[in-house]
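Asks: Turn this into a structure:
(chains A and B)
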Amino acid sequence: MGQPRQPHDPRGALVRPYAVTRGRTEPQRDIPIEAVLVASQANVQEARFAGHDKYRIALLCEPRAQSLAEIAAYHRLPLGVARVLVADMVADGLLALHSAAPRQGFAERMDLLERVLSGLRKL
Amino acid sequence: MDFASSERAGAQPKEITSAKIVVAGGFGVGKTTLVGAVSEIEPLTTEAVMTSASSGVDDASKVPGKETTTVAMDFGRITMADDLILYLFGTPGQTRFWFMWDELIRGAVGAAVLVDTRRISDAFAPLDYFENRHLPYLVALNCFDGAPRYEPEEVREALAIAPHVPLIMCDARHRDSVKAVLVGVVEHAMATLVEEQGRGFPATVG
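Replies: This next block holds a predicted model:
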């Protein structure tokens, strides 16, 4: 218990995992678990002022794209908490959200399947 | 890194697409072993916390001191090109976490249901789940050393697996074997998509 609970937040005891989001459990936008996020070097500089958790997320996503799942796993954040933080960062322009697999459109879906198949065969 | 597909020029950062394949099955069936056999990273664990605020499954307000339940999922990553990443997600073993499975399969390319021939009944719940979802899946029989060997058709009958669902043997510890499972999932997803297109009803994934 290195960090004292913020005494002014009466919700802390009830939704403890969400303390880093100040109790918010709903993200600003839904982000799929496999969607990848990228931070530029400028994003990292800006994120210095966005708080410890967001800065760490920006640092992780600068050298290489990381999924929401990876951000949560590397920083030991519950998935829902990571999703709230990441959605905030996307809204604030601190992270670029890339696209998850297309869910509609025959040509788009077939194109992705073909690329994944060829990638697997090359393994 | 120099990838064959990176000839598209331009100063704009390239859009990266990510896809996922779900690996389902009972507790201890070898899902994480399978993921680890092909992943470029050691399988990672992400945890979802079910709180009283996010789920009606556990009514935490009636249980003082028990506000949360944690569900763990293991996953791996295969970077296929500088603009394409495949993630492999193992489902939580316990079938009472269906709500988490729903999130995992949303937008997935397809799924493999891993079956241990020593504990075939553990596959009933995962198979029931996929029978009632719109996601292409196949069944992979994980052949552990010393596990009873059945003919695939015996297993198909025992588990009442529909004829259109591919059934393959694998060894979750071996990269080539796991590769064949994943290739099978994608090929099945392609065949399913073509068939739906032919019928004129391409449905949304998940």
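Asks: any idea which element the residue of chain B found nearest chain A lies in?
Replies: Distances from chain B to chain A, computed as Cβ to the nearest Cβ, single out B:Met80 as the nearest residue at 3.2 Å. Yep, even glycine has a C-beta here, placed from its N, CA and C like the rest. Take DSSP states H and E as the rule and B:Met80 turns out to sit in strand B:68-81.
Asks: The helix or strand that comes right after that strand vs strand B:68-81, what angle?
Replies: Following the chain from strand B:68-81 toward its C-terminal end, the next helix or strand by DSSP H and E is strand B:84-90. With axes from the mean of the first three to the mean of the last three Cα atoms, to 10 degrees as the basis, strand B:84-90 and strand B:68-81 are set at 150 degrees to each other.
Asks: For the residue nearest to B:Gly26 when sequence neighbours are not counted, give me its contacts.
Replies: For B:Gly26, the nearest residue in space outside its immediate sequence neighbours is B:Asp122; the separation is 3.0 Å by Cβ to Cβ, 6 or more residues apart in numbering or on different chains. Under the criterion of Cβ atoms under 8 Å, 6 or more residues apart in numbering or on different chains, the contact partners of B:Asp122 comprise B:Gly25, B:Gly26, B:Phe27, B:Val29, B:Val115, B:Asp116.
Asks: rerun that using 7 Å as the cut-off
Replies: Applying Cβ atoms under 7 Å, 6 or more residues apart in numbering or on different chains, we find B:Asp122 in contact with B:Gly26, B:Val29, B:Asp116.
Asks: Taking the centroid of chain B, which residue is nearest it?
Replies: B:Val22 (1.5 Å; Cα atoms, centre = their mean).
Asks: give me the element it is part of.
Replies: strand B:17-25.
Asks: touching chain A at all, the following helix or strand past that strand?
Replies: Helices and strands here follow DSSP H and E; after strand B:17-25, the next one along the chain is helix B:31-38. Yes - if you take Cβ under 7 Å from any Cβ of the partner chain as the test, helix B:31-38 does meet chain A, through B:Val38.
Asks: Work out the gap between helix B:31-38 and the centre of the chain.
Replies: What separates the centre of helix B:31-38 from the centre of its chain is 11 Å, taken as Cα atoms, centre = their mean, to the nearest Å.
Asks: same question, stretch B:116-125
Replies: Here stretch B:116-125 shows a centroid-to-chain-centroid distance of 16 Å under the convention Cα atoms, centre = their mean.
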